[in-house]
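Engineer: next one to model:
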Amino acid sequence: MKPNYDVIVCGAGSSGSVVAGRLAEDPALTVLLLEAGGSDEVPAVTEATQWPQNLGSERDWNFQSEPDQSANGRAIPFSMGKVLGGGSSVNLMIWARGHRHDWDHFASESGEPAWGYDSVLELYRQIEDWHGPDEPTYRGTRGPVFVQPAPDPHPLVAATLHAARDLGIPTHRSPNGRLMEQNRGAAPTDMRSRAGKRLSVFGSYIAPKLRQPNLTVVPHALVTRILFEGTRAAGVEVMVQGGLHRVTANTEVVLSLGAIHTPKVLMQSGIGDAAELRSAGIDVVVNLPGVGHNFQDHFGYDCVWQFPDSVEISTQVGATMFWDTGTAGVDGPDLFACLGPFPKSTRETAARFGLPDNSWILFGAPTHPRSRGRVRLSGPHPGDPVRIEANALTDPDDLKLAFACVETLREIGNSTPLRPFVQREVMPGDLGGADLENYLRDAVTTYWHECGTAKMGRDAMSVVDGRLRVFGCDGLRVADASIMPRITSANTMAPCVVIGERAAQFIKADHGL
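Structural biologist: Numbering: from 1, shown residues only. Alright, predicted model coming up:
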């Protein structure tokens, strides 16, 4: 690691890997990519079926929320990738683009037309290498991002799609084509795996360039704060091999640390609510009260059934469903669910109902929950743990949607097409009223789609503008799920790749690169 680079990208996840990889295409530009985690060359990462082994491992930041009264006092665990590739190296490999209304909302909030759906759809067509049913209006085939329908689907998939169709949820060949312009639909899941191997974003954008002299990748590098000259980001302070190093940037610093660590580093660097920073003993560089606010996730609920003994489980998510209730005031679907041919639940619900090893789930959630949480500092030092106030289910409308979600999932799971795959319903069963509410508060858990804590927009709580520049600063951008003003419909890896692509384009354009 040299003392100076043109651009420093902090975080080698689903956005940071894209930013660094795209900028490194210019041989005259020196790029440093810093990642707190280590190697992605381990079987739990490379073998697609072994993703559960990453949860709770050294490749997981193992965050936990503060005890949440809306979740019956539980501390909700938040997994986040701590490895080259970030979340794309530990997640379930689901490729979900986001709905038309999600991207048009980004454009409306930011005033930047590049975030509009039509523009983003064209970008997806440019970056995808699609190996599925031919849909030239929606899919591309020459980009760096290999995507295919879930291979060797579990027999439960076809039965679930049949049941959804019987319930008025039409089926599509892919969840990322026309379905993302509709209010409801179900389809086999699109996946980022090939021949049983995970395809991380780091592997797609950075691995082919690792021998380039203008790109430096440093793992086990914990960014502790941004260095400023006045209000210009001049570089970063980073802990590597037990030593604290200062590295300067000629052009820009890009934070791609995720929705928990990006606001933490901003606040530790003096960017945040001035009163709170001063009370923590941190000198204020820019007063941006929105830093750490607007925390969102897809908070979901497992409905679980036990397989007959003759049916084997799988670790591959097989199908995705979207539907609307007409009650949430949201354009597009207001609920979604994933089919998992494997057991999963919270500790509390497993203790009450049991969780058979040979069971399967429908994991549903509101697409756009109204509840908002917050990420806060617990102290001024990099080693002080971050505080996460999840506030799941604090908005009463989210609870109403949770009731509707479970009702639909139970109707699907207990339907005629799925009877060959059901020995019994494990949870929640035929609960209602206060009993079902109590179940939901015990069952609510994260989809690992943390976002929103440095939101893009034009109001007083916005942190970045439409080109992802941090307000009040020069030479500093945020490019990760933190910038989402509102969470996208379903999984967030694919939108994070778009965020990385846009950030690289903005940097090149703003600096004439």
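Engineer: quick check: closest non-adjacent residue to D474.
Structural biologist: Leaving aside its chain neighbours, D474 sits nearest to R232 (4.2 Å; criterion: C-beta to C-beta, 6 or more residues apart in numbering). Every residue, glycine included, has its C-beta placed from N, CA and C.
Engineer: same question for Q148.
Structural biologist: Leaving aside its sequence neighbours, Q148 sits nearest to H131 (C-beta to C-beta, 6+ apart; 4.2 Å).
Engineer: tell me the pLDDT at the one you found?
Structural biologist: On the pLDDT scale, H131 is placed at 97.
Engineer: and the residue nearest to D474, what does it touch?
Structural biologist: Residues in contact with R232 (C-beta atoms under 8 Å, 6 or more residues apart in numbering) are 473-475.
Engineer: from those, which would you call buried?
Structural biologist: Buried residues within the contacts of R232, counting neighbours by 16 or more other C-beta atoms under 10 Å: 473, 475.
Engineer: so what's the residue count around S256?
Structural biologist: 32 (other C-beta atoms under 10 Å).
Engineer: hmm, I was thinking of A509
Structural biologist: 10.
Engineer: send me whichever strand or helix holds it as CSV with only the CA atoms.
Structural biologist: For A509, the host element (DSSP states H and E) is helix 493-510. Extracted in CSV, the C-alpha atoms of helix 493-510 (Å, rounded to 0.1, in the frame of the first residue of the first chain):
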residue,chain,number,x,y,z
MET,A,493,-27.5,-7.0,-4.2
ALA,A,494,-28.5,-6.1,-7.8
PRO,A,495,-29.5,-2.5,-6.9
CYS,A,496,-26.1,-2.1,-5.1
VAL,A,497,-24.3,-3.1,-8.4
VAL,A,498,-26.3,-0.3,-10.1
ILE,A,499,-25.3,2.1,-7.4
GLY,A,500,-21.7,1.2,-7.9
GLU,A,501,-22.0,1.6,-11.7
ARG,A,502,-23.6,5.0,-11.4
ALA,A,503,-21.0,6.2,-8.8
ALA,A,504,-18.2,5.3,-11.2
GLN,A,505,-19.9,7.1,-14.1
PHE,A,506,-20.5,10.2,-11.9
ILE,A,507,-16.8,10.2,-10.8
LYS,A,508,-15.6,9.9,-14.4
ALA,A,509,-17.9,12.6,-15.6
ASP,A,510,-17.2,15.0,-12.8
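Engineer: so which bits of that helix are buried?
Structural biologist: Neighbour count says helix 493-510 has 493-504, 506-507 buried, by 16+ other C-beta under 10 Å.
Engineer: A275 - that's part of a helix, no?
Structural biologist: Yes - if the criterion is DSSP: H, G, I helix; E, B strand; the rest coil, then A275 is within a helix.
Engineer: show the pLDDT at it.
Structural biologist: A275 is given a pLDDT of 96.
Engineer: now do it against I388, distance only.
Structural biologist: Distance of A275 to I388, computed by C-beta to C-beta, to the nearest Å: 21 Å.
Engineer: one step back: does the residue nearest to Q148 touch G143 like I think?
Structural biologist: No - if you go by C-beta atoms under 8 Å, H131 and G143 don't touch, sitting 11.8 Å apart.
Engineer: re earlier: need phi/psi at the residue nearest to D474.
Structural biologist: When quoted as degrees, to the nearest 10, the phi and psi of R232 stand at phi -100, psi 130.
Engineer: per-residue pLDDT, it?
Structural biologist: Looking at R232, the pLDDT reads 98.
Engineer: partners of it in the sheet?
Structural biologist: E229, D474 (DSSP bridges).
Engineer: do you know how far it is from A481?
Structural biologist: Distance from R232 to A481, by C-beta to C-beta: 26 Å.
Engineer: now stretch 236-244: mean pLDDT?
Structural biologist: In the prediction, stretch 236-244 has an average pLDDT of 95.
Engineer: which parts of it are buried?
Structural biologist: Under 16+ other C-beta under 10 Å, the buried positions of stretch 236-244 are 236-239.
Engineer: just to revisit the earlier point, comparing H131 and G143, which residue is more hemmed in?
Structural biologist: A count of neighbours by other C-beta under 10 Å puts G143 above the other of H131 and G143, at 17 against 14.
Engineer: still on that earlier bit, against M267, how distant is the residue nearest to Q148?
Structural biologist: In terms of C-beta to C-beta, H131 sits 43 Å off from M267.
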